[in-house]
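Undergrad: how does the following fold in three dimensions:
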Amino acid sequence: MKRLEMVPNGWPCTFKDCPPGYFVWQGNLCLMSDYGDNAGKRNAYCDSGEYFLGGVTTTQERDGLAVQPVVPRWVEVDE
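TA: Modelled structure (predicted):
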């Protein structure tokens, strides 16, 4: 049987420096889009599908949040 796990992809970084793809913030799996607006605000989404705000009110505060980029990996497990 296989199980899908999310494993770290490099070191923790700020939200601003996070590459597009999955990341973890405070135990929540989120998705960083490759898109943003002309003002530099990056699009990211929570596992619920809502826009990721990170519990802050300004773009500068959100850019400074510590996140962990992750990637999916299939792992073989015994039943």
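Undergrad: going by C-alpha atoms from here, please, whenever you check contacts or count neighbours.
TA: Noted.
Undergrad: excluding its backbone neighbours, what's nearest the residue most central in space within the chain?
TA: The centre of the chain sits closest to Phe23, judged by CA atoms, centre = their mean, with a distance of 2.3 Å. Closest residue in space to Phe23, ignoring its immediate chain neighbours: Pro69 at 4.1 Å, by CA to CA, 6 or more residues apart in numbering.
Undergrad: repeat for Glu76
TA: Using CA to CA, 6+ apart and skipping residues adjacent in sequence, the residue nearest Glu76 is Lys2, 4.5 Å away.
Undergrad: isn't that neighbour right up against Trp74?
TA: Yes. If you go by CA atoms under 8 Å, Lys2 and Trp74 touch, sitting 6.2 Å apart.
Undergrad: any shared contact partners between those two?
TA: The contact sets of Lys2 and Trp74 do not overlap (CA atoms under 8 Å, 6 or more residues apart in numbering).
Undergrad: ok, Asn43 to Tyr22 distance?
TA: 12 Å (CA to CA, to the nearest Å).
Undergrad: name the residues contacting each of these two.
TA: Met32.
Undergrad: more neighbours: the two, which one.
TA: Set Asn43 next to Tyr22 and count neighbours by other CA atoms under 10 Å: Tyr22 wins out with 23 against 16.
Undergrad: ok, the more buried one to Glu50 distance?
TA: Taken as CA to CA, the span from Tyr22 to Glu50 is 14 Å.
Undergrad: burial count for Val56?
TA: Using other CA under 10 Å, the number of residues around Val56 comes to 12.
Undergrad: which residue is the nearest non-sequential neighbour of it?
TA: For Val56, ignoring the flanking residues on the chain, the nearest one in space by CA to CA, 6+ apart is Arg62 at 6.2 Å.
Undergrad: host element of that neighbour?
TA: Using DSSP states H and E, Arg62 falls within helix 59-63.
Undergrad: for that helix, give me every contacting residue.
TA: With CA under 8 Å, 6+ apart, helix 59-63 has contacts from 14-17, 41, 53-54, 56.
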